[in-house]
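[1] Here is a sequence with its predicted model. Questions after.
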Amino acid sequence: MNQRISMKKFNPKVYAAVSTMQQYVDQCGLEPLLLELIKLRASQINGCAYCLDMHTKDARAMGETEQRLYTVSAWRETPFFTERERAALAFTEAVTLVSVDHVPDDVYAQAHAQFSDTELVDLAMAIATINTWNRLAITFRAEPGHYQPTDRIKLRGAAASQK
């Protein structure tokens, strides 16, 4: 599959707008590895190969285990995720598939029990942002395989593991 066009090259303003959303999410205070789990789960649902390649590499660079990465799509069936992560993953699925069940009350309540009001808004923004990236990457066929984590990603993971 070949890339159709480079969004960044042909409309840098759109790329900058979504990048600004991502910068907010990166700085919002939610745990960096939690954010990577969210990105992975939404990207699995949406079938975004480029984002899956990117976020598995980023998660590994931040110290995520192979075992957890391999089982994100079956998180309900494993003991590897915390209650907070489970709530975030369920919320990610519901928000990503919003047209199916419109974020059921029980999923919202589970997330709200684990996240403050502000964190819940930030979580929704993180999910909306990765869904935006997924849709753009899929539309323009961003080619997976070339992405490498930056030192910034590695530093975020190191800082998170020291908390």
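    Yes, it's here.
[2] any idea which residue sits dead centre in the protein?
    residue 39 (1.5 Å; Cα atoms, centre = their mean).
[3] tell me the mean pLDDT for the helix or strand containing that residue?
    Using DSSP states H and E, residue 39 maps to helix 32-46. For helix 32-46, the mean per-residue pLDDT is 98.
[4] tell me what the helix or strand just after it is packed against?
    Beyond helix 32-46 on the C-terminal side, the first helix or strand identified by DSSP H and E is helix 49-61. Applying 3 or more Cβ pairs under 8 Å, 6 or more residues apart in numbering; DSSP states H and E, we find helix 49-61 packed against helix 32-46, helix 66-70, helix 117-139, helix 151-162. C-betas here are computed from N, CA, C, even on glycine.
[5] relative to helix 117-139, how tilted is helix 49-61?
    Counting by axes from the mean of the first three to the mean of the last three Cα atoms, to 10 degrees, helix 49-61 lies at 130 degrees to helix 117-139.
[6] Output helix 49-61 in PDB, but only the C-alpha positions, please.
    Coordinates of each C-alpha in helix 49-61 appear next as PDB, following Å, rounded to 0.1, in the frame of the first residue of the first chain:
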ATOM      1  CA  ALA A  49      -1.500   0.200  10.900                       C
ATOM      2  CA  TYR A  50       0.600   3.300  11.000                       C
ATOM      3  CA  CYS A  51      -0.600   4.300  14.400                       C
ATOM      4  CA  LEU A  52      -0.300   0.700  15.700                       C
ATOM      5  CA  ASP A  53       3.300   0.700  14.500                       C
ATOM      6  CA  MET A  54       4.000   4.000  16.100                       C
ATOM      7  CA  HIS A  55       2.400   3.500  19.500                       C
ATOM      8  CA  THR A  56       3.700   0.000  20.100                       C
ATOM      9  CA  LYS A  57       7.200   1.400  19.500                       C
ATOM     10  CA  ASP A  58       6.500   4.400  21.800                       C
ATOM     11  CA  ALA A  59       5.100   2.200  24.500                       C
ATOM     12  CA  ARG A  60       8.100  -0.100  24.400                       C
ATOM     13  CA  ALA A  61      10.400   2.900  24.500                       C
END
